[in-house]
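Peer 1: Got a predicted model here, sequence first, then my questions.
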Amino acid sequence: MSPLRQTAIKYGVVCGAIRIVAYLIEAASGMLPMVNLNAFFIDQIIFFGFVLFAIKEFKDYKNGGILHFWQGISIGLIIIFVSSVIFSVFEATYYVVDETVFQSYLKNAIDFFDSQKESKLELIPLEEFNAQRKGIQETTILGLVSGNFVKKLIVGFLVVPLVAVLLRKHKN
């Protein structure tokens, strides 16, 4: 296995594990990580840190101080994908093993949606509001996990190019 993939997979696995721990801490503290915007920022910080250290390790210790932009992007995307797969497997297992967590999510999501009814009705008709609410009520574990997987990838895609540009450097 190439040093690039080896570094990325190693950091991706650890990043996935740290994201699971962060999720459990958020849930234990009552933060509601699936609904709370702070969880988004925590994911950004975790991704940024792991992508930064992985790219730096690859550049400094495995590539002679040289980092091409494509290498940084490749490392970052592998980390994001591996950690998101690990987290999604955990999340699906967690909801299946303890379905009260999933039911709690649905209740909190509906409550949050209902709390914004007045402001939403200024923008959309009542029929659309009711259709969106029904969509939340009909959410499945697979739908929630796959939606969260895509969101985690998007969060990662925001971080990776920034870090790759910051650390891009050629030997003189």
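Peer 2: On my side now, so go ahead.
Peer 1: Only the buried residues of the helix or strand harbouring Phe47, if you could.
Peer 2: Following DSSP states H and E, one finds Phe47 within helix 37-57. Of the residues in helix 37-57, those with enough neighbours to count as buried (16 or more other C-beta atoms under 10 Å) are 39, 42-43, 46-48, 50-57. (Glycine included, C-beta is placed from N, CA and C.)
Peer 1: can these go into CSV with extra columns for pLDDT and distance to Ala92?
Peer 2: CSV is the format used below for the buried residues of helix 37-57 (pLDDT from 0 to 100; distance: C-beta to C-beta, whole Å):
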residue, pLDDT, distance to Ala92
Ala39, 82, 17
Ile42, 88, 20
Asp43, 84, 18
Ile46, 92, 20
Phe47, 89, 20
Phe48, 91, 26
Phe50, 95, 22
Val51, 93, 24
Leu52, 93, 29
Phe53, 95, 28
Ala54, 96, 26
Ile55, 93, 29
Lys56, 93, 32
Glu57, 95, 31
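Peer 1: Pick out whichever of those residues sits closest to Ala8.
Peer 2: Closest approach to Ala8 among the buried residues of helix 37-57 (C-beta to C-beta): Ala54, at 6.1 Å.
Peer 1: so what's the closest one up against?
Peer 2: For Ala54, the contacting residues are 7-8, 10-11, 75-76, 79, by C-beta atoms under 8 Å, 6 or more residues apart in numbering.
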